[in-house]
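**Q** got a structure for you, letters missing:
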Ligand SMILES: Nc1ncnc2c1ncn2[C@@H]1O[C@H](COP(=O)(O)OP(=O)(O)O)[C@@H](O)[C@H]1O
Ligand SMILES: [Mg+2]
């Protein structure tokens, strides 16, 4: 994958497949520590400790259509290539938290990519799931929350084409305004 936003999309899709009702995605840029951190947390069905251990192996998947599960191994690889770290915390019946860190200025650190598009796809294709996107850049924070969106929109659905376009731009601008791009 060429952009971290695509890794985020894949990891968030795991959360949806695990019947999460709320998925929180956090991106944190810390210039002083030269670190970029991604965190995807859900309240889905979780995994056992033994399964978490196996899950970084590209040949482990519960899918029946395809033998090789790659979403987690690919994010782990992306982190390791940028001298970062990767971890999964999970509890059956409670949820899962996937954390990847990257050396911010590492030559092999992938760009973040189009988070506006990733989030608008996730939100518009999963009407029953709530999403929170938190972007921190040093001392500044941008938050996008579908609960607030739903309250503001009333009867207008989150997959309304105009709403989807608006969301995409809003998130893109929000990140740019605090960050200037990562
Ligand atoms: N957030 C999650 N909650 C519960 N199970 C998960 C979660 N993320 C991953 N898994 C489990 O780990 C497996 C491997 O995930 P992944 O590497 O993305 O491959 P794939 O999604 O193609 O199966 C999934 O099939 C699923 O069983
Ligand atoms: Mg997956």
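**A** That came through fine. Quick caveat, the model's predicted, so the values are computed rather than measured. Ligands and ions are numbered 1, 2, ... in the order given.
**Q** tell me which helix or strand comes right after the strand or helix carrying residue 8.
**A** Per DSSP states H and E: residue 8 is located in helix 4-17. Remark: after helix 4-17, the chain's next helix or strand is strand 22-30, criterion DSSP H and E.
**Q** still on that earlier bit, work out the gap between the helix holding residue 8 and the centre of the chain.
**A** Helix 4-17 sits 6 Å away from the centroid of its parent chain (CA atoms, centre = their mean, to the nearest Å).
**Q** what does the chain have sitting close to ligand 2?
**A** Contacts of the chain with ligand 2, taken as CB under 5 Å from the ion, map to 10, 14, 71. Any C-beta I mention is one placed from the backbone N, CA and C, and that applies to glycine too.
**Q** re the thing from before, is the helix holding residue 8 in proximity to ligand 1?
**A** Yes - interface with ligand 1: helix 4-17 contributes 10, 14-15 (CB under 6 Å from any ligand atom).
**Q** can you name every helix or strand that that helix contacts?
**A** The contact analysis (3 or more CB pairs under 8 Å, 6 or more residues apart in numbering; DSSP states H and E) places helix 4-17 against strand 22-30, strand 35-42, helix 71-81, strand 95-103, helix 115-125.
**Q** ok, and what's touching the longest helix seen in the chain?
**A** What stands out as the longest helix in the chain, according to DSSP state H, is helix 161-179. Defining contact as CB atoms under 8 Å, 6 or more residues apart in numbering, one finds that helix 161-179 is touched by 29, 114-117, 119-120, 123-124, 133, 135, 137, 140-142, 144, 149, 153, 156-158, 181.
**Q** what about 10 Å?
**A** With contact meaning CB atoms under 10 Å, 6 or more residues apart in numbering, helix 161-179 is reached by 27, 29, 112, 114-121, 123-125, 133, 135-144, 146, 149, 153, 156-158, 160, 181-182.
**Q** next, the buried residues of it.
**A** For helix 161-179, the neighbour count (16 or more other CB atoms under 10 Å) marks 163-164, 167-168, 170-172, 174-175, 179 as buried.
**Q** same check on stretch 81-91?
**A** Buried, per 16+ other CB under 10 Å, within stretch 81-91: 82, 84, 86, 88, 90.
**Q** what bits of this structure have low per-residue confidence?
**A** Scanning the chain for pLDDT under 70 picks out the ranges 58-68, 180-182.
**Q** flag every residue of it that's near ligand 1.
**A** So far as CB under 6 Å from any ligand atom goes, the chain lies against ligand 1 at 10, 14-15, 18, 42, 44-47, 55, 61-63, 69-73, 96.
**Q** so how many other residues sit close to residue 128?
**A** Residues within reach of residue 128, counting by other CB atoms under 10 Å, total 7.
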